[in-house]
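Enquirer: attaching a predicted model along with its sequence, questions to come.
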Amino acid sequence: MGTLKGMLFNQFAGEGFNNLVEDLQQKYKPKKGRRFNHQNVTYEVGRPVLKDNTIEFEISCKIPQDEIKNPAAMKTYFSNIKKIINKGKRKPVSIEMENIVWDSKKDTEKERDYVKLLYQYPLDQLFDDKEVMKRYEQVTQGAYKEPLPDVPGIFTIPGKLTLAIVRETAKKICGEHIDSLINANKQVRR
C-alpha cells in the first residue's frame with residue numbers, strides 16, 4: 001500500500017488524465033473507453049498507477065494495418081516510431097510493439113499491433129513548491145479564480161492547491177506525450 005501522498009497524487013493524476021481523454025475525444029474521433037482516432041490511427045491513454053513512489057502510465061497507438069500489410073513493414077514502422085520518440089526530451093521507460101488478439105463476438109478474431117509507451121514520473125515532479133506558494137498568495141489576496149478541490153482530510157489551502165497542480169501537471173505531461181506520439185505517426189506515414 002502506498003503513502004497517503006502517493007494515493008492522493010495518483011487520484012488527482014487520474015482526474016487529469018480523465019480530463020485529457022475527454023478533451024481528446026472531443027477534438028478527434030471518439031472511440032470506446034479511453035481511446036480516440038486521429039487520421040485512421042487509434043490512440044489510448046492508460047490510467048495512472050502508483051508504483052515505487054512514482055506515477056506510471058501507458059499510452060499506445062495502433063499501427064495502421066490498413067496501410068501496412070506485412071510483418072516486416074510493421075516492424076520497420078515500429079522502429080521508426082521508436083527512433084522519433086527516443087529523440088524527445090522525456091523518453092519513455094519502455095517502448096514495445098505489442099500484438100493483441102481481440103475477439104468481440106466470440107466468433108471472429110482480430111489481430112492488432114500496437115506501439116506501447118510506458119512513462120514514470122516521481123511524485124515530486126508533479127508539482128512545484130514555488131507555484132503552490134504563488135497560488136496561495138493569489139488565494140489570500142482574493143485573486144485566485146479556480147475552485148479548490150474538496151478533499152476529505154486535506155484542510156490546508158496549500159495542500160488543496162498542491163493536488164490541483166498535480167491534476168494540471170499530469171494532464172499536461174500526458175498530453176505532451178500523446179502529441180509526440182501523434183507527430184511521430186505523421187512523420188513515419190509520410
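Expert: Perfect, thanks for sending it.
Enquirer: where does this structure dip in pLDDT?
Expert: 1-2, 100-111 (pLDDT under 70).
Enquirer: which strand in it runs the most residues?
Expert: strand 110-122 (DSSP state E).
Enquirer: could you pull out the helices for the chain?
Expert: Assigned by DSSP state H, the helices in the chain fall at 4-27, 71-86, 129-140, 157-189.
Enquirer: before we move on, the earlier item: each with direction, which strands does the longest strand of the chain pair with?
Expert: Pairing partners of strand 110-122, with direction, according to DSSP bridges: strand 54-62 (antiparallel), strand 94-102 (antiparallel).
Enquirer: by how many degrees do the first one and helix 71-86 diverge?
Expert: Translated: strand 54-62. 140 degrees (axes from the mean of the first three to the mean of the last three C-alpha atoms, to 10 degrees).
Enquirer: can you list contacts of strand 54-62?
Expert: For strand 54-62, the surrounding residues in contact (C-beta atoms under 8 Å, 6 or more residues apart in numbering) are 9-10, 13, 17, 41-50, 93, 98, 112-123, 126, 170, 174, 177-178, 181, 185. For every residue, glycine as well, the C-beta is placed using N, CA and C.
Enquirer: CA-only coordinates of stretch 25-33 in CSV, if you can.
Expert: Extracted in CSV, the C-alpha atoms of stretch 25-33 (Å, rounded to 0.1, in the frame of the first residue of the first chain):
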residue,chain,number,x,y,z
GLN,A,25,-12.3,12.6,-27.7
GLN,A,26,-13.9,16.0,-28.4
LYS,A,27,-11.0,17.1,-30.6
TYR,A,28,-10.7,13.9,-32.5
LYS,A,29,-13.0,11.0,-33.3
PRO,A,30,-14.0,9.3,-30.0
LYS,A,31,-13.7,5.5,-29.6
LYS,A,32,-14.8,3.2,-26.8
GLY,A,33,-13.2,3.6,-23.4
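Enquirer: tell me how far the nearest residue to Asn183 once chain neighbours are set aside lies from Leu181.
Expert: Using C-beta to C-beta, 6 or more residues apart in numbering and skipping residues adjacent in sequence, the residue nearest Asn183 is Ile84, 7.7 Å away. Distance, Ile84 to Leu181, by C-beta to C-beta, to the nearest Å: 9 Å.
Enquirer: ditto for Asp128
Expert: 26 Å.
Enquirer: tell me which of Ile84 and Leu181 has more neighbours.
Expert: Higher neighbour count among Ile84 and Leu181: Leu181, with 22 against 17, using other C-beta atoms under 10 Å.
Enquirer: good, we can wrap up now.
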